[in-house]
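> my questions are about this predicted structure, shown below with the sequence.
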There are 6 protein chains.
Amino acid sequence: MRPSGRAADALRSVTLQPGAARHAEGSCLIRMGVTEVLCTASVEGRVPGFLRGKGEGWVTAEYGMLPRATHSRGEREAARGKQSGRTQEIQRLIGRALRAVVDRKAMGEVLITIDCDVLTADGGTRCAAITGAWVALHQAFEHCVLKNLMSRNPLRDQVAAVSCGVYKGETVLDLDYAEDSAAQTDANFVLTGKGGIVELQAAAEGAPFDDAQFHAMLALARQGSEGLFAAQRRAIGR
Amino acid sequence: MRPSGRAADALRSVTLQPGAARHAEGSCLIRMGVTEVLCTASVEGRVPGFLRGKGEGWVTAEYGMLPRATHSRGEREAARGKQSGRTQEIQRLIGRALRAVVDRKAMGEVLITIDCDVLTADGGTRCAAITGAWVALHQAFEHCVLKNLMSRNPLRDQVAAVSCGVYKGETVLDLDYAEDSAAQTDANFVLTGKGGIVELQAAAEGAPFDDAQFHAMLALARQGSEGLFAAQRRAIGR
Amino acid sequence: MRPSGRAADALRSVTLQPGAARHAEGSCLIRMGVTEVLCTASVEGRVPGFLRGKGEGWVTAEYGMLPRATHSRGEREAARGKQSGRTQEIQRLIGRALRAVVDRKAMGEVLITIDCDVLTADGGTRCAAITGAWVALHQAFEHCVLKNLMSRNPLRDQVAAVSCGVYKGETVLDLDYAEDSAAQTDANFVLTGKGGIVELQAAAEGAPFDDAQFHAMLALARQGSEGLFAAQRRAIGR
Amino acid sequence: MRPSGRAADALRSVTLQPGAARHAEGSCLIRMGVTEVLCTASVEGRVPGFLRGKGEGWVTAEYGMLPRATHSRGEREAARGKQSGRTQEIQRLIGRALRAVVDRKAMGEVLITIDCDVLTADGGTRCAAITGAWVALHQAFEHCVLKNLMSRNPLRDQVAAVSCGVYKGETVLDLDYAEDSAAQTDANFVLTGKGGIVELQAAAEGAPFDDAQFHAMLALARQGSEGLFAAQRRAIGR
Amino acid sequence: MRPSGRAADALRSVTLQPGAARHAEGSCLIRMGVTEVLCTASVEGRVPGFLRGKGEGWVTAEYGMLPRATHSRGEREAARGKQSGRTQEIQRLIGRALRAVVDRKAMGEVLITIDCDVLTADGGTRCAAITGAWVALHQAFEHCVLKNLMSRNPLRDQVAAVSCGVYKGETVLDLDYAEDSAAQTDANFVLTGKGGIVELQAAAEGAPFDDAQFHAMLALARQGSEGLFAAQRRAIGR
Amino acid sequence: MRPSGRAADALRSVTLQPGAARHAEGSCLIRMGVTEVLCTASVEGRVPGFLRGKGEGWVTAEYGMLPRATHSRGEREAARGKQSGRTQEIQRLIGRALRAVVDRKAMGEVLITIDCDVLTADGGTRCAAITGAWVALHQAFEHCVLKNLMSRNPLRDQVAAVSCGVYKGETVLDLDYAEDSAAQTDANFVLTGKGGIVELQAAAEGAPFDDAQFHAMLALARQGSEGLFAAQRRAIGR
C-alpha cells in the first residue's frame, strides 16, 4: 500500500552518527530513510538578555535546508534575505522540544545553540531534527561536564519526534515525502522517554479528521518512538 | 480557582459584530472577554501565481497586533522591518483553518485576504481570530454571490477555535492571559461545525503532559466550540 | 456643493473617547466623521541615547493603518518589511506637533510613545491622529503625576490639527476622502490652544495656489480648530 | 546679526552649472553658498505601472547625501539598508514640486528620474535641490525635443525653492547651517515663476509662531525667489 | 615547518565523490583534508532576464557555510537577513570560474545553479568549491545530454582552484586554516586543464609581497592543480 | 588602436585635488581621464568592538556610485535597500589596500572611515578610489598629528592602484570604459611606493590568459604606478 512497501507501523531505517561535525562540542548526523539532517550543538558562555544574572541556561535552535536538499531547488534563504514562516515555525518547535527535557538551572549561564541543517529531504525533517538534536545536545552537555562548566549533565529525559498521517485512508507511521505530499492528515508528535507528551500538532490537509483517527496516530507515534529512543541510547553508548 | 472566577468549562463572554469595518467586503469584530480582534475579508479578482489558470480561488490570512494591545508595549513589526516567527505561525494557521472549510473550486479565480488585527490582547488571540474570521469570510462570500462573482457561497462548514490548558493542575477551557502565562500546558483546537478536527496543537510549557490530560482538553474544546458555533450562526443570521 | 452636504466651514462630527485602550497609560479613540484613529500613549522609564543623563524626557510617535482601513486593501507594512515614506512623514509630524506643547524638562527621563493606528480611513487621518494623541498624552501625563513619576503635568498648551483645501474652486474645512482625492490644494494646520502655529503644510495637487487662497485656508483652520480644542477639553473633563 | 553677516533679506551667492554630469541627459550643479547639490535628470522610455497605456509621462526624484557632506560623518544609507524618513520626505517633495510645472501629457510615456545628491551640506539642501533640479529637467526635456521624443518642452513654468526662518527673533531669508540649527522656526517655500505657490511647509522648532511671522517669511521667500528664477533663466540661456 | 607536516608543495589529500546529493542533476562532495564542501548543480529551463531569447545558457553559483562548519559558531546568514561581503565575493568568483570553461551557446536557454555549501571548514573552501563544482557541473551537463536538452556536453575544459601563501617566510601550497590565519600572503589561482589562467587573486595580509614570491606561488599552484585535474578526471570516469 | 588613441603604456591624465571636501579631516578628488571619484577620510575616536582596548587603530572604506555616474542610470543602492556584491568587493579591497601601508599601532584607538564616491564613471573606479584615498588618508593623518591625536603620521608607504587588460589582443594600461567592456582580460594591481605588491586580481572575461600576458600586465602596472606615486607626492606637497 505504502509507496515504500513498509508496514503501516514501520519506521524507516534510522541511523544516528554522533560526532559527525568536527568542530562542534556536540553533533549528530541523523538519517531516517533518505532524510538526512546534520545537528550540531555549540556552547557559549553567555545567555540572552532576558536571562542575564538569573543563573539559568538556555537552549535555542536554528533550522535550515540546503537549497538542493529537495527534489527541485528551493531558494536560498540567506540570498532571499529572510527565513520563511515554515523555517521559523520549525526552529521554534525544536527549541521548545529540547528545553522540555533540560534542567536549565543545572546549566548555569550557558547558551547552547542547536543547528539543524537538512542535507537531504524526504519527509519528516523536523522530527528527525529533534531526534538527532537530542544526541548532539547530550554530547555537548557531556563536554561541558568534562570541562567543569557544569557539575552534571542537565538532561532529565530523552526527547524524540515522529510523524504520523492518514494516507489513502490508512493511519501510517513516519511518512516519507511521497506519502507526506499526498496525506489527508499530517501529525507530529514530540514525546519523552518516560512517556510524556511535549508537543503534538495535527493538521488536516483536505477533509477534517476525527477523534478515532487522531487516537490511532497517537498510538502509532508512541510505538514508533520506542525505536527512536533505543537508537538514541545506542548513540550515546547506553 | 481561576483568576476570573469562571468554571473550568466556561467560555468567556463572546460577542461577534459583523460588518464592523466600513470598507471591507466582509468583517467581524470578535470579543472573547477582554480580547478583541478585528477581522476583515478583502476580495480581489486575482489569485497567486501557482493557481493562475486553474479555476480555483485562494484564502490567505495576515495577523497583527497593535503595539499597545498588550500589557506592555510591543515593538511595531512594520518599524522593525519584519514579522516575528509567532506572527507568521499564527497567520499560517488562520489561513489553513479557513481553507479547510472552503470549496475553492466554487470560488473561481478569486483571492480573499483575511486580516486579523488584535486591538486588545488578553490571551487566546489566535483562536478568536479564527472564530471571527469565519464570520468575515462568510459575509465576503455572500457579497460575492450578490455581485454574481460566485454562484453560491463556497463555505462547506463552520470553523472555530478555542484554547484549553492545564492551569494549577486543572484542565480548563478558554485561557485568558493570567492563566495562559502560568499554564503548564497550552493547547489550541480548530474544529468544524460537523465535528471534524482541522488542526490541533498542544505544547507543554514545563512538565510534559499525558494522554489523559490531552483527552480532557479535547473534550472541553469540543464542548466549548458549541458556544462559538452558535454565536457564529447568530452573527450571520441563522 | 460638498459631497457630504456640509457648509464650507463645517467640521465633521468629532468624538473623542479617552481610555479606549485597556492596557495603555493613556489612550483616545478619535472619530472625525467616518475616520477613526486609535491613539495610545505608552510610558517607559528610559530615554533615547542622545538624551541619556540630560534630565529631559522625549515624546515620539508611530503611525499605522490597518490594511483594510481603506476603500481597497493596502499592503501590510509589516509584511512588506518597511514603512512607506508617507507613514514616516506622518509619524514624524505627529511627534513634532506633540513635543511643541510639552515641557520636556518637567517630564524627567521618561519616554512616551504615541501609537496612532487608523481603524477606518476617510481623509484627514494625520490631523485626527494629532488631535486624538493630545488627549492620550494628557491622560498618560496624569497617570505619571498620580504615580509620582512627574510632579506636574508637563503639557503647556493644547495642540490640534485640521485640514483645509480648495475643492471645486471653493476653500473648505476638514476634507473627507471624496474631497481630498479631488482637491486642487490640500493643507494641514497644526495649531495650539493659545493661537500659535506649530506646523503648516500646503501643497498644490494640480495648479499652484495663491496667497489669497492660502489665507482663506488658514482662517478656516483657525476657526475649525476651536471646535477641536473644545472637544479635547471636554474629553479631559475641563 | 546673522553669522554670515548677510542682510535679513539676502540670498547666499547662487551658481547654477548646467551639464555638470557627463553622462546624464540633463544635469545641473547648484551651489548656494557652501551648499552644493548635483542634480541629474535621466530619461527612460517607460512609465510606472499605474500610468502604462495612458499616454502620460512621470517625473520622480531621489535624494541622497554623501556620508561626509556634513560636519560629522553620517551613516551611508546604502550600508544601513534603508533610507531615512527625512530622505524620503525630501525626495517626495522634490518630485511633487517638479510635477507641478510639467505638462505630463506633453511628455508621452517617458519617465524622468531626477537624482539630487548633496556633495556639501550647509543648510537648505532640499531647496537647492529643487532649484537645481528644474534646470536639469529643462535640459533633459530639450534633449527629448532634439531627439524627437517630445514635440515641445513640457515645462509650463519655472519652479524654485527657498527657506526662511525666525533666527534670534528676526525673520531671515535662506538659512545656512549655523542659522538653521538654531532657528526657532524653519520654513520652506516652493514657488513658481508666475507667482503661484506649489508647496509650503513651516515648523516651529521651539515656541509656536504666529501669523505675522509667517507672512513676513512668505514675503521674504517671494522676494528671494526672484533671484533664483533669474539664475535659472541665465542657466538655460534665456 | 608546516603545522600539518606537509611538504611545501604537497596538496592535502583530495577526494571527490560525485552524485553525493540524491536529488540534484549533478553533485560532488569534495574533501581537501578536513575541508568538506557539498556542490550541487540544479538544471532549470529558464534563463535570467538579460539572456532571454538569445539562445544562450547561464551558470551561476551560490555559496554558504553551515553555522558550525567553523571552529566557533558563525551567525546564520539566513537569520541575519543578508549574505556577507565575503560570501558574495566567493559566489561571484565560483560563477565566473565555471563560465570560463562553458560554451554557453551549446547550453541553449538553460540555467544551471551551482550551490556550494561548506560542511566543514579548514581553509581553502572557495578553491575546493570550484574544484568540486566542476565535477557537479559536468554531471549535470551529462544529464542534460542524456535527456536531450543539449546535443553535447558544453564544457570546453577543466577548471580547478588552489590556494598558495607565504607562511613563516616560505611559499607553500594549499593552506589549511592554521596556515591561512597566520599567512603573510594569501593567493588563489583558478586554472584550466589546458594551462590557462582564469582568475588569480593575491593579497598581502601584513607586509607587501614581491614578484619573486608571486612567481613562486604561481608555479606551486600550477603544479598542485595537476593533482586536482587528475582527481576530477577520475571522478567523471575518464 | 585604443579608442582613446593612447599608447598601450599610457595612463590617462591624472589630477589629484586634496581638500576637495569642505568638512572632512582629509579628502581628495581624483580624476583619471573622465573618471572622477571623491574620497573623504573621517576621523573618529572609537574603534570597532574587536579592537577595543588593544591600543590599535583601524582604517575602513565604503564605496558608492551616484546613480547617474554611469552611461545609463543605475539603481540607487540606498533605495534598493542593499549594497551589491560588486560594491562590497570594492570597498573591502580599498580597506585592505590602505591598511597595508598603515602602522595601526601608531594610530592609537582611532577609526578612519574612507568614503569613495564615484561622481563620474569611465572605467577604473576602484583603482582611482585607492589612489585618491591614499591622499585623503594622508591629509587626515596630518590633521591628527596637528591635533596631537597621533605623535607621527602612521603611513609607512604610498599605495596606488591601476588596471591593465588585454584589449584586442594587446596588453594595455589603465583601461577606460570602452576598453574595459570589451577586454578579454582585466586586472587590477595595488602596489606600494617601495615596490611591493599589496593585492593583485586578474580575471579572464572570455578565453583564459597565460603567464606571458600576466607578466606583461604586471610590468605595465609597475610602470604606470610610477606616474600615480608621483602625482600623490605632488598632491601632498612633497
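Structure received. All values reported here derive from a predicted model rather than from experimental measurement.
> so what's the residue of chain A positioned farthest from its centre up against?
With C-alpha atoms, centre = their mean as the measure, chain A has its most outlying C-alpha, relative to the mean C-alpha position, at A:Gly53: 29.8 Å. By C-beta atoms under 8 Å, 6 or more residues apart in numbering or on different chains, A:Gly53 lies in contact with nothing. To be clear about C-beta, it is placed using only N, CA and C from the backbone, and glycine gets the same treatment.
> now the closest residue to A:Pro3 other than its chain neighbours, what's its secondary structure?
Taking C-beta to C-beta, 6 or more residues apart in numbering or on different chains as the measure, A:Pro3 lies nearest to A:Ala178, with 4.2 Å between them; neighbours along the chain are not counted. Taken by DSSP: H, G, I helix; E, B strand; the rest coil, the conformation at A:Ala178 corresponds to helix.
> give me the neighbour count for A:Ala178.
Here the number of neighbours of A:Ala178 (other C-beta atoms under 10 Å in any protein chain shown) works out to 14.
> just the one 5 residues further on next, same as before
Neighbour count of A:Ala183, defined by other C-beta under 10 Å: 22.
> quick one: what helix or strand has it in it?
Counting by DSSP states H and E, no helix or strand carries A:Ala183.
> please apply the same query to A:Glu199.
Applying DSSP H and E as the criterion places A:Glu199 in strand A:197-204.
> can you list contacts of that strand?
Among residues not part of strand A:197-204, those counted as contacts by C-beta under 8 Å, 6+ apart are A:93, A:96-97, A:100-101, A:159, A:184-192, A:209, A:214, A:217-218, B:96, B:100, B:196-204, B:208-211, B:214.
> can you give me the pLDDT of the residue farthest from the centre of chain A?
A:Gly53 carries a pLDDT score of 93 in this model.
> right, is stretch A:116-128 up against chain B?
No. Contact check for stretch A:116-128 against chain B, using C-beta under 8 Å from any C-beta of the partner chain: none in range, with a minimum separation of 13.2 Å.
> and the residue of chain A found nearest chain D, how many residues sit next to it?
Distances from chain A to chain D, computed as C-beta to the nearest C-beta, single out A:Gly81 as the nearest residue at 9.6 Å. Counted with other C-beta under 10 Å, residues neighbouring A:Gly81 total 18.
> just give the closest residue to it, not the sequence neighbours.
Excluding the flanking residues, the one nearest A:Gly81 by C-beta to C-beta, 6+ apart is E:Gly81, at 5.3 Å.
> wait, what's in contact with that neighbour?
For E:Gly81, the residues meeting the contact criterion (C-beta under 8 Å, 6+ apart) are A:Gly81, A:Lys82, B:Lys82.
> give me the most central residue, chain A.
Per C-alpha atoms, centre = their mean, the C-alpha nearest to the average position across chain A is that of A:Ile130, at 1.3 Å.
> tell me which element it falls in.
Using DSSP H and E, A:Ile130 maps to helix A:125-146.
> what residues sit buried inside that helix?
Buried residues in helix A:125-146, counted by 16 or more other C-beta atoms under 10 Å in any protein chain shown: A:125-144.
> now for the following helix or strand past that helix, which elements pack on it?
Secondary structure here is assigned by DSSP H and E; on that basis, the next helix or strand after helix A:125-146 toward the C-terminus is strand A:159-167. Strand A:159-167 is packed against helix A:85-99, helix A:125-146, strand A:170-173, helix A:177-180, strand A:185-192, helix A:211-235, with contacts defined by 3 or more C-beta pairs under 8 Å, 6 or more residues apart in numbering or on different chains; DSSP states H and E.
> of all of chain A, which residue lies closest to chain C?
Of chain A, the residue with the smallest distance to chain C, taken as C-beta to the nearest C-beta, is A:Lys82 at 7.7 Å.
> ok, that residue touching E:Glu77?
No. With the criterion set as C-beta atoms under 8 Å, A:Lys82 and E:Glu77 do not qualify as a contacting pair; they are 10.9 Å apart.
> interface residues of chain A facing chain B?
Proximity of chain A to chain B is assessed by C-beta under 8 Å from any C-beta, with A:82, A:85-86, A:88-89, A:91-92, A:96, A:100, A:191-192, A:194-204, A:206-211, A:214, A:218 identified as the residues in range.
> PyMOL command for the buried members of those residues?
Buried subset of the residues of chain A next to chain B, written as a PyMOL selection, criterion 16+ other C-beta under 10 Å:
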select buried, chain A and resi 82+85+88+89+91+92+96+100+191+192+196+197+198+199+200+201+202+203+204+208+209+214+218
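> so A:Phe50 belongs to a strand, correct?
No. In this structure, A:Phe50 is helix, not part of a strand, as judged by three-state DSSP.
> and it, how far is that from E:Ala203?
Note on A:Phe50: its distance to E:Ala203, by C-beta to C-beta, to the nearest Å, is 42 Å.
> likewise A:Arg92?
From A:Arg92 to E:Ala203 the distance is 41 Å (C-beta to C-beta).
> repeat for A:Gly237
Taking C-beta to C-beta as the measure, A:Gly237 and E:Ala203 are separated by 46 Å.
> so A:Leu38 sits right up against A:Ser27, yeah?
Yes. Contact status for A:Leu38 versus A:Ser27: in contact at 7.2 Å, counting by C-beta under 8 Å.
> so for the two, which residues contact both of them?
Overlap between the contact sets of A:Leu38 and A:Ser27, as judged by C-beta under 8 Å, 6+ apart, is given by A:Ala20, A:Ala21.
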